[in-house]
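**Q** the sequence and its predicted three-dimensional model are supplied below.
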Amino acid sequence: VALPTALLSTHTGGFDGYVVRDLTGEMKQFAEHWKKLHLKFDCIYTGFLGSEKQIDIVKSFIADFKTDKNIVLIDPVMADNGKIYSTYDAKMCEKMKALTAVADVITPNVTEACILSETEYKGENISLKNAEMMGKKIVSHGAKTVVITGIRENDNVVNFICAKDFCDFVKIKAAPIYYSGTGDVFASVLCGALTNGKDITQSVKISSDFVEKCVLYSKKCGIYPNEGVGFEKFLGDLVNTIEKE
């Protein structure tokens, strides 16, 4: 069930002249209607949020719909490559930090993890020791589990998992090309695996392998990187993988 925050003609990375319709005013109305219908959700998953008001609405939504049985997964989409997005500022980053504190799982990239842990950004190739230090600090603020994505280690990409009493990681080969939307695909698959009862390490492995497969296929097909990763062909395989593991 989608709670739309905005409608866009394209994503905002690398495209000029895109058209956007902000739906902040409708978000609260959606939530109020769902409350009247007494809807319950197995998982609440949030991605890019475009304003302080949207972050506040989502935080209220989680307060209203969170239960002891469902999962809250927050992808704190606000920065990459050492810089916050043009639509964000320091105040919005603080709002996002407060939102992640109510999550069961969050999926920051290295830049976002630096912001959430108040750590200086020094590139994507952080050590696993530093990743653990950042993860533990973020967990101390409230989030139960942190998955720091996209850590570079030579020819590999590491997705590092950190909880209060547990750390682990999943390593895959780094692709020779970058595609827009891989973070969204990763977090979405992670959300699906967790909701289907997989543990966090299983879920991160399923998500990492799926993204790797999709990126290599997209490169082989000559898909232009800004057009996003071609994942549709492998959705059937993904369902089978989740059912088997």
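**A** On my side now, so go ahead. Just so you know, these numbers come straight off a predicted model, no measurement behind them. Numbers count the residues shown, from 1 in each chain.
**Q** counting contacts, what elements does the longest helix seen in the chain pack onto?
**A** In the chain, taking DSSP state H as the definition, the longest helix is helix 200-221. If contacts are counted by 3 or more Cβ pairs under 8 Å, 6 or more residues apart in numbering; DSSP states H and E, helix 200-221 sits against strand 145-153, strand 156-163, strand 166-173, helix 182-195, helix 235-244. In this view, the C-beta of every residue, glycine as well, is placed from N, C-alpha and C.
**Q** and it with helix 235-244, angle?
**A** 160 degrees (axes from the mean of the first three to the mean of the last three Cα atoms, to 10 degrees).
**Q** could we number from 50 for the rest of this?
**A** Sure, I'll start numbering at 50, so the last one becomes helix 249-270.
**Q** for helix 249-270, give the mean pLDDT please.
**A** Mean per-residue pLDDT for helix 249-270: 96.
**Q** angle of it against strand 194-202?
**A** 40 degrees.
**Q** using CSV, write down the CA coordinates of helix 249-270.
**A** Listed next in CSV are the C-alpha coordinates belonging to helix 249-270 (Å, rounded to 0.1, in the frame of the first residue of the first chain):
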residue,chain,number,x,y,z
ILE,A,249,18.9,-9.7,9.0
THR,A,250,22.1,-11.4,7.6
GLN,A,251,20.0,-13.7,5.3
SER,A,252,18.0,-10.6,4.2
VAL,A,253,21.1,-8.5,3.5
LYS,A,254,22.7,-11.4,1.5
ILE,A,255,19.5,-11.8,-0.6
SER,A,256,19.4,-8.0,-1.2
SER,A,257,23.1,-7.8,-2.1
ASP,A,258,23.1,-10.7,-4.5
PHE,A,259,20.0,-9.4,-6.2
VAL,A,260,21.4,-5.9,-6.7
GLU,A,261,24.7,-7.4,-8.1
LYS,A,262,22.8,-9.6,-10.5
CYS,A,263,20.6,-6.7,-11.7
VAL,A,264,23.5,-4.3,-12.2
LEU,A,265,25.6,-6.8,-14.2
TYR,A,266,22.5,-7.5,-16.4
SER,A,267,21.8,-3.8,-16.9
LYS,A,268,25.4,-3.2,-18.0
LYS,A,269,25.2,-6.2,-20.4
CYS,A,270,21.9,-4.8,-21.9
